[in-house]
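**Q** Task: produce atomic coordinates for the following.
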Amino acid sequence: MIPKYHTMIRNIRLERGLSQEEVCRRCHIGRSSYIAFEQGKVELSFSQTAQLANLFGLSLEQVESGLRPNYNKYKQMILAYLRCRPSSDGKVVKTKLAKLLYLADFAWFYEHLESMSGMQYRRLPYGPVPDQYFRAIDELQESGQINIDHKSDIQLISETDSSKKQALAELSKDELSLIKKICQKWKSKKSTEIVHFTHNQLPYKICQPDEIIPYELITQEDPGYIY
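**A** As a prediction, the model looks like this:
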């Protein structure tokens, strides 16, 4: 089976203004092999794929998945959830927020066969989370877009007043609508309830600890158990 990441690599190459010859030279790949790869006709070796990942600043997991993570969009998804006021005081537990983001990405894939953010979710003990989640939270706090209140060992996240004036331009109306629906469903639920829900979904149950969860698994889930 030929991997599906050839289209993503071709698009990135064109965006960077690189010729096929330049990529071949820098990654030590024969030109005819690379052309056939971009056309989806052949598979590259592991070492050649690793060279491409290094050239374009991607992880092997991102390359092999064929998904391009949109980090800025992912951060806007965080702000979108906070604007939905996922609790009466507008604050949400950090763990619960991570699960809400996962539900949005996988529910969007269920309907459109593509992720909302393109982030890769790892099967961690407390649920599916992208490696970049914690970095995103730190950066949003440092830029003054969110506040983090500490209550015992719980972190409560809320959006700052100044951040609320910024448009969430990366998100479409349909994407914002889905985020709102998920937020409303889980607004009155505790973090433990949403953790239990995501742990019992097919994608999490099938994958091994620390493994990247394939989005395609959500298409096999019961329609009433997507979010």
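**Q** how far out from the middle of the chain is the longest helix along the chain?
**A** In the chain, taking DSSP state H as the definition, the longest helix is helix 94-112. Remark: helix 94-112 is offset 9 Å from the chain centroid, using C-alpha atoms, centre = their mean, to the nearest Å.
**Q** ranges for the helices of this protein?
**A** Along the chain, counting by DSSP H, helices occupy 6-15, 20-27, 31-38, 46-56, 60-65, 71-83, 94-112, 133-142, 173-186, 191-199, 202-206.
**Q** need the least confident one among the ones you listed, by mean pLDDT.
**A** Lowest mean pLDDT within the helices of the chain: helix 60-65, a mean of 76.
**Q** returning to what we had before: could you dump the helices of the chain to CSV with distance to A167 and mean neighbour count?
**A** The C-beta positions use only the backbone N, C-alpha and C, and glycine is treated the same way. Converted to CSV, those look like this (distance: least, C-beta to C-beta, whole Å; neighbours: other C-beta atoms under 10 Å):
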stretch, distance to A167, mean neighbour count
helix 6-15, 24, 16
helix 20-27, 36, 15
helix 31-38, 36, 16
helix 46-56, 29, 16
helix 60-65, 27, 18
helix 71-83, 9, 20
helix 94-112, 19, 21
helix 133-142, 16, 15
helix 173-186, 11, 17
helix 191-199, 28, 17
helix 202-206, 32, 16
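**Q** one step back: also compute the angle for the longest helix of the chain relative to helix 133-142, please.
**A** Orientation of helix 94-112 against helix 133-142 (axes from the mean of the first three to the mean of the last three C-alpha atoms, to 10 degrees) gives an angle of 110 degrees.
**Q** got the angle for helix 94-112 vs helix 173-186?
**A** Relative orientation of helix 94-112 and helix 173-186, computed by the same axes, to 10 degrees: 130 degrees.
**Q** which strands and helices sit next to helix 94-112?
**A** Helix 94-112 sits against helix 71-83, strand 121-124, strand 127-130, helix 133-142, strand 154-159, helix 173-186, helix 191-199, with contacts defined as 3 or more C-beta pairs under 8 Å, 6 or more residues apart in numbering; DSSP states H and E.
**Q** at 6 Å instead, please
**A** The contact analysis (3 or more C-beta pairs under 6 Å, 6 or more residues apart in numbering; DSSP states H and E) places helix 94-112 against strand 127-130, strand 154-159, helix 173-186, helix 191-199.
**Q** And stretch 25-45, end to end?
**A** 16 Å (C-alpha to C-alpha, to the nearest Å).
**Q** quick one: L140 and R31, what's the gap?
**A** Distance of L140 to R31, given as C-beta to C-beta, to the nearest Å: 44 Å.
**Q** typo on my end, it should be C183
**A** Distance from C183 to R31, by C-beta to C-beta: 50 Å.
**Q** can you check F109 too?
**A** From F109 over to R31 the distance is 35 Å, taken as C-beta to C-beta.
**Q** if we can go back for a sec, with distance to K41 added, can I get the helices and strands packed on helix 94-112 in CSV?
**A** Formatted as CSV, the helices and strands packed on helix 94-112 follow (distance: least, C-beta to C-beta, whole Å):
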stretch, distance to K41
strand 127-130, 32
strand 154-159, 47
helix 173-186, 34
helix 191-199, 38
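**Q** Out of those, flag the one nearest K94.
**A** K94 sits nearest to strand 154-159 of all the helices and strands packed on helix 94-112, at 4.2 Å, using C-beta to C-beta.
**Q** And that closest one, how far out from the chain middle?
**A** Relative to its parent chain, strand 154-159 has a centroid offset of 20 Å by C-alpha atoms, centre = their mean.
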